[in-house]
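S.K.: Task: produce atomic coordinates for the following.
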Amino acid sequence: MQRAVSFELERYADLNKVARGWVQYCLTETERKRAMVPRDNVPPFTTNYDNVAPSLLEAFIELERNYRLHDGLLCLANAKRLMKPD
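M.R.: Down below sits the predicted model:
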């Protein structure tokens with residue numbers, strides 16, 4: 001999942017002329033945000049996949065992937081905005 005998210009963020013960065021270093025920064029920021037949330041098994045933040053019913057597993061994984069991707073895209077969009085000269 002992490003590789004797929006990284007690939008999409010790198011593609012976005014390349015298309016929008018955002019330095020690749022921002023991709024790693026944004027991935028780290030997403031992890032930092034997730035680490036601040038209490039571990040109460042609430043997707044997409046703190047799901048323990050060992051305790052998820054098999055019928056829900058795919059949905060939980062997709063939810064987490066979407067969270068990571070969209071949080072990263074927002075971070076990259078903000079980085080691009082910050083780099084724009086006034």
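S.K.: what about this structure, any weak spots by pLDDT?
M.R.: The model of the chain has pLDDT under 70 over residues 39-47, 85-86.
S.K.: Pick out the residue nearest the middle of it.
M.R.: The residue lying closest to the centre of the chain (C-alpha atoms, centre = their mean) is R68, at 1.9 Å.
S.K.: For Y12, what is the enclosing helix or strand?
M.R.: Element membership for Y12, per DSSP states H and E: helix 2-15.
S.K.: between the next helix or strand after that helix and helix 2-15, how many degrees?
M.R.: Once the chain leaves helix 2-15, the next helix or strand it forms, by DSSP H and E, is helix 21-35. Comparing the axes of helix 21-35 and helix 2-15 via axes from the mean of the first three to the mean of the last three C-alpha atoms, to 10 degrees yields an angle of 140 degrees.
S.K.: same for helix 21-35, what does it pack against?
M.R.: In terms of contacts (3 or more C-beta pairs under 8 Å, 6 or more residues apart in numbering; DSSP states H and E), helix 21-35 is packed against helix 2-15, helix 54-83. Backbone N, C-alpha and C define where each C-beta goes, glycine included.
S.K.: Okay, angle between the shortest one and helix 54-83 too, please.
M.R.: Helix 2-15 runs at 30 degrees relative to helix 54-83, counting by the same axes, to 10 degrees.
S.K.: my read: the residue nearest to the centre of the chain touches S6, true?
M.R.: No: assessed by C-beta atoms under 8 Å, R68 is found out of contact with S6, at 9.4 Å.
S.K.: Which neighbours do the two have in common?
M.R.: Shared contacts of R68 and S6, defined by C-beta atoms under 8 Å, 6 or more residues apart in numbering, are found at L27.
S.K.: Out of the helices and strands packed on helix 21-35, which is closest to V37?
M.R.: Smallest distance to V37 across the helices and strands packed on helix 21-35 (C-beta to C-beta): 10.9 Å, for helix 54-83.
S.K.: May I see the buried residues of the closest one?
M.R.: Under the neighbour-count criterion of 16 or more other C-beta atoms under 10 Å, helix 54-83 has 60-61, 64-65, 67-69, 71-73, 75-76, 79-80 buried.
S.K.: I am finished for the moment; much appreciated.
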